[in-house]
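Chemist: Can you look at this prediction? I've put the sequence above it.
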Amino acid sequence: MALLDLTVESSNEVIQSVADRVDAVAEQRGWSQKAVFALQVTLDEWISNIIKYSFPNQTNAPIRVVIDESGHELVAQVEDKGAPFDPSSASVPDCLDDTLSGRREGGMGLFVMHHLLSGISYDRQDDRNIVTLRVNL
Amino acid sequence: MELHETIQDGVTIIAPKGNINRATSPELQARLAPLVEEGTHVVVDLSEAATVSSAGLRVMFIIAKAAGENGKFILASPNEMVADILNVTGFASLITVKDDVESAVSFANS
């Protein structure tokens, strides 16, 4: 059984409830502050992305978050039934100059995710996006 | 996220505790916006902010732009991970960041 297996609805408010549950498991397992930071921020970025792009007008679409330890990594799987989107192959800017100056929209969340994660992978199974986030412990 | 507010040497210090994320950042924005609009010098003390995601960074950027010439807006005391995010995203070159609240308050009054 995973350390955390949580299904939440697609609203911004649930992001804090996910964060609270992650903090509780992190304390119990003694994860480093650095690992918890990476996990919390990347979950926020990715769930925000799902809500914004897959379910802009829907607040009750289920999003499943499963977190476990695997060797020296934390592995978080996030599942949703939105349109297919692969963050592992999406274009990520080398720097955010254009985003910060307003010349380019978006890109910051994915940039931050790629910076913090040791790995990110994507799988499409039936009608589900399954994104796996890996953080070094 | 909890927000603690103190005033030191005429500078308002807002200290968020917990996660500054997509869920909580609107509350931080709502607290900061009226202060900078009226020209109050504001320091955000990040020492108790465990995480800051891009949603939080966006709020800081919006507030810093709103502060503009009216008042000073300074971030202080980010933890190692938050400081890293401020640096890699480039925000550290757009918003004033000080290592501790004392120097942020001195800078605000300089």
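Modeler: Here it is on my side, so go on.
Chemist: Quick check: bridge partners of residue A:79?
Modeler: Beta-bridge partners recorded for residue A:79 (DSSP bridges): residue A:64, residue A:130.
Chemist: That one - how many residues pack around it?
Modeler: 17 (other Cβ atoms under 10 Å in any protein chain shown). Just so you know, the C-beta spots here come from the backbone N, C-alpha and C atoms, and that holds for glycine as well.
Chemist: Next: residue B:49.
Modeler: 23.
Chemist: who does it bridge with?
Modeler: Beta-bridge partners of residue B:49, as defined by DSSP bridges: residue B:18.
Chemist: what residues are up against it?
Modeler: By Cβ atoms under 8 Å, 6 or more residues apart in numbering or on different chains, the contact set of residue B:49 is B:1, B:16-20, B:56, B:78-79, B:82.
Chemist: Could you tell me which of those residues count as buried?
Modeler: B:1, B:16, B:18-20, B:56, B:78-79, B:82 (16 or more other Cβ atoms under 10 Å in any protein chain shown).
Chemist: what's the closest of the residues you listed to residue B:101?
Modeler: residue B:78 (11.5 Å; Cβ to Cβ).
Chemist: which SS state does the closest one fall under?
Modeler: Here residue B:78 is recorded as coil under DSSP: H, G, I helix; E, B strand; the rest coil.
Chemist: pLDDT score assigned to it?
Modeler: With respect to pLDDT, residue B:78 scores 98.
Chemist: what does residue A:58 give?
Modeler: 83.
Chemist: okay, now it: neighbour count?
Modeler: Residues lying near residue A:58 (other Cβ under 10 Å) number 12.
Chemist: what's the closest of the contacts of residue B:49 to residue A:25?
Modeler: Closest to residue A:25, out of all of these and judged by Cβ to Cβ, is residue B:19, at 14.6 Å.
Chemist: for residue B:38, what are its contacts?
Modeler: Counting by Cβ under 8 Å, 6+ apart, the residues that residue B:38 touches are B:70-71.
Chemist: so residue 39 is in which element?
Modeler: Assuming you mean chain A. helix A:33-49 (DSSP states H and E).
Chemist: helices or strands next to that helix in the packing?
Modeler: helix A:14-29, strand A:62-70, strand A:73-80, helix A:108-116, strand A:128-136, strand B:49-52, helix B:54-67, helix B:80-89 (3 or more Cβ pairs under 8 Å, 6 or more residues apart in numbering or on different chains; DSSP states H and E).
Chemist: Am I right that residue A:86 sits in a helix?
Modeler: No - using three-state DSSP, the assignment for residue A:86 is coil, not a helix.
Chemist: Relative to residue A:90, which of the helices and strands packed on helix A:33-49 is closest?
Modeler: So among the helices and strands packed on helix A:33-49, helix A:108-116 is nearest, using Cβ to Cβ, at 5.9 Å.
Chemist: got TSV for the buried ones among the contacts of residue B:49, with distance to residue A:96 too?
Modeler: Shown next, in TSV, are these (distance: Cβ to Cβ, whole Å):
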residue	distance to residue A:96
B:1	24
B:16	23
B:18	25
B:19	21
B:20	18
B:56	15
B:78	18
B:79	21
B:82	16
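Chemist: quick one: contacts for the nearest residue to residue B:41 once chain neighbours are set aside?
Modeler: Nearest residue to residue B:41 in three dimensions, chain neighbours excluded: residue B:108, at 4.0 Å (Cβ to Cβ, 6 or more residues apart in numbering or on different chains). By Cβ under 8 Å, 6+ apart, the contact set of residue B:108 is B:11, B:41-43, B:72, B:74.
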